[in-house]
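Enquirer: Next one to model:
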Amino acid sequence: MRSEKTLWIRFDEDDRMQPGPGFCLPSTWEREICLSDTYEQFSLVVFFPHDKHCPGCREVLEGFAEREQAYRDQESRILAIFPELLEKLATDEALQSLGFPVLSDEDGEVRSAYACLVDASLIGPEDSFIYLLDAYGAPYIAVAAPDADRVTPAGELHEDLLSWLQFIGLQCPE
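Expert: Numbers count the residues shown, from 1 in each chain. Take a look at the predicted model:
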């Protein structure tokens, strides 16, 4: 049975030997964004809301936008991957004003591929989750919650994510 609380999932060393599932998705930046675009350059913070209109999603995005420079200081980039048509995402002015791209995973294949990296009892279809990937695309941490309100990276959760990114940077200093 899944927890109703925020769940932190740490990937072990064997899990980190392989990159997360690759993807190339259309974005609100009017170009495709691929996992390989950041290879050997940046760690990634990848936010997967369960729905564009999920409770708390706006706050999650605003929280990331407010702290984007802190994430950049940790040599990481933020991606938000929504299970929506790009046309719907592109008409949302708030999404256009973010300092990071919002990607369209219309069929949910990328979300499903990342959810499959952990036991099915830990991440369900109604969960929002965040993955931290190193500069080689390997997963280090996943944070999952039954709704975005619980995974909203306000204050303490941002500090935890940033600490993990610092740790990842120390593991992969190149």
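Enquirer: which ones are touching residue 114?
Expert: For residue 114, the residues meeting the contact criterion (C-beta atoms under 8 Å, 6 or more residues apart in numbering) are 20-21, 46, 48, 129, 131, 139, 142. Bear in mind the C-beta positions are built from the backbone N, C-alpha and C, glycine included.
Enquirer: element containing it?
Expert: Counting by DSSP states H and E, the element that carries residue 114 is helix 109-115.
Enquirer: Just grab the bridge partners of the residue lying closest to residue 11 once chain neighbours are set aside for me.
Expert: When the adjacent residues along the chain are set aside, residue 11 lies closest to residue 139, with 4.8 Å between them (C-beta to C-beta, 6 or more residues apart in numbering). In this entry, residue 139 is beta-bridged to residue 133, by DSSP bridges.
Enquirer: re earlier: so which of the contacts of residue 114 belong to strands?
Expert: 46, 48, 129, 131, 139, 142 (DSSP state E).
Enquirer: Mind pulling up the pLDDT for residue 1?
Expert: Reading off the per-residue confidence, residue 1 sits at a pLDDT of 39.
Enquirer: Lowest mean pLDDT among the helices and strands of the protein, which one is it?
Expert: Of all helical and strand segments in the chain, the minimum by mean pLDDT, DSSP states H and E falls on helix 148-151, at a mean of 54.
Enquirer: List the residues that contact the residue nearest to the spatial centre of the chain.
Expert: The structure's the chain has its C-alpha centroid closest to residue 46; by C-alpha atoms, centre = their mean the separation is 1.5 Å. When contacts are counted by C-beta under 8 Å, 6+ apart, residue 46 touches 78-81, 114, 130-133.
Enquirer: Next up, the contacts around residue 129.
Expert: 47-48, 114-115, 123, 142-145, 151.
Enquirer: Separate out the buried members of those.
Expert: When neighbours are counted using 16 or more other C-beta atoms under 10 Å, these contain these buried positions: 47-48, 114-115, 123, 142-145, 151.
Enquirer: tally of neighbours for residue 102?
Expert: For residue 102, the neighbour count with other C-beta atoms under 10 Å is 27.
Enquirer: oh, and call the first residue 137 from now on, that's how I've got it
Expert: Happy to do that; since the first residue is 137 now, the last one works out to residue 238.
Enquirer: these two touch, right, it and residue 221?
Expert: No: shown here, residue 238 and residue 221 do not form a contact pair, counting by C-beta atoms under 8 Å, at 12.0 Å.
Enquirer: Can you give me the buried ones in stretch 222-239?
Expert: Across stretch 222-239, burial judged by 16+ other C-beta under 10 Å covers 222, 225-226, 228, 231, 234, 236-239.
Enquirer: cool, stretch 208-227 as well?
Expert: Within stretch 208-227, the residues that count as buried by 16+ other C-beta under 10 Å are 210, 212-220, 222, 225-226.
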